[in-house]
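> Need coordinates for the following:
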Amino acid sequence: MKPLWIFLIQGLLALGTAYGAATNSPALAARLAAVQKMAPRGFTVFAEPPFVVAGDEPATRVHQHALHTIRWAVDKLKQDFFQRDPAEVITVWLFKDEASYKKHTAALFHDKPTTTFGYYSETHHALLMNIATGGGTLVHEIVHPFMRANFPLCPAWFNEGLGSLFEQCADRAGHIRGLPNWRLPALQKALRGGGVLSFQKFTALSDEEFYGGENNPHYNQFYPQARYLCYYLQERGLLVQFYREFAAHAGEDPTGYATLQRVLGATDMAAFARAWAEFTLRLHFP
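Sure, this is the predicted structure:
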């Protein structure tokens, strides 16, 4: 087994290669220079194509996030789902803890986060992460700019379903796979109480309805329902097929409901909903 220091040197050499390749892209090189200029003292800034990464943890730790979370997620997502990189150059800001996250989102972007984990700012072309909460939110947010570049008509339910699927994930046989996570208990409670929308109504939610906020009584279960529909498709070996067919036919099927029926081979969606509920209720987390 190789000593840890050899792995670290190899990783840093790989990052150096990526940096060199990135600076051949004028847009990425320009963003890199701009972020280096705006980043506060103590931040490590480098290119990790197709992103620029900036973080205020020790440099070796920021590089580890780039190698083991960002690069891994990008490679695996492109392997199964996405052909095109985001059109815009995005900066991934990795703040070491909640205090740093709140301080720097305010100071650099005049933002007040509505989540303790992290979010994407379309205005600033940036992913802003409280990395102390773990890498799951980072992988979730990485999905969104790739979805925009590859499936611009994607409705919120599938965009957030796929993103939240990979909040907790692992490498299985060389592919990214979502695992049961903290969203499961709330969904199981809703299923037991009969409070889950039919999939026809669920997929027909507008983006505004899906993101309806805490005043919407169904809001907290929309993300879990989307996630565990994607999880079901994944576990049946149908998720990649569904994504590709939905993206190809979104013009005539903007909600994805007809595509879902076709991919499932389901003529009775009420029967499918019961089977999905039984499947979901058998899952465990933790």
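> rest of the way, CA atoms for contacts and neighbours
Will do.
> can you give me the offset of stretch 182-200 from its chain's centre?
Stretch 182-200 sits 22 Å away from the centroid of its parent chain (C-alpha atoms, centre = their mean, to the nearest Å).
> I meant to write stretch 170-180 there.
On C-alpha atoms, centre = their mean, the centre of stretch 170-180 falls 14 Å from the chain's centre.
> hey, C-alpha coordinates of it in CSV?
Below are the C-alpha coordinates for stretch 170-180, written out as CSV (Å, rounded to 0.1, in the frame of the first residue of the first chain):
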residue,chain,number,x,y,z
ALA,A,170,-21.4,6.4,-3.4
ASP,A,171,-19.5,4.7,-6.2
ARG,A,172,-21.1,1.5,-7.1
ALA,A,173,-19.5,-0.6,-9.9
GLY,A,174,-17.9,2.7,-11.2
HIS,A,175,-21.2,4.7,-11.3
ILE,A,176,-22.7,7.3,-9.0
ARG,A,177,-25.5,5.9,-6.9
GLY,A,178,-27.8,7.6,-4.5
LEU,A,179,-28.3,6.1,-1.0
PRO,A,180,-31.2,6.4,1.5
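> Rounded mean pLDDT for it, please.
Averaged over stretch 170-180, pLDDT sits at 97.
> for stretch 68-78, same thing?
97.
> what do you get for stretch 111-129?
92.
> Equivalent analysis for stretch 209-216, please.
Here the average pLDDT along stretch 209-216 is 77.
> What of stretch 30-44?
pLDDT averaged over stretch 30-44 gives 97.
> So which bits of that stretch are buried?
31-32, 35-36, 39, 43-44 (16 or more other C-alpha atoms under 10 Å).
> What is the most widely separated pair among those residues?
Using C-alpha to C-alpha, the two most remote members of the buried residues of stretch 30-44 are 31 and 43, lying 15.4 Å apart.
> Surely residue 257 and residue 200 touch.
Yes. With contacts counted by C-alpha atoms under 8 Å, residue 257 reaches residue 200, the gap being 6.3 Å.
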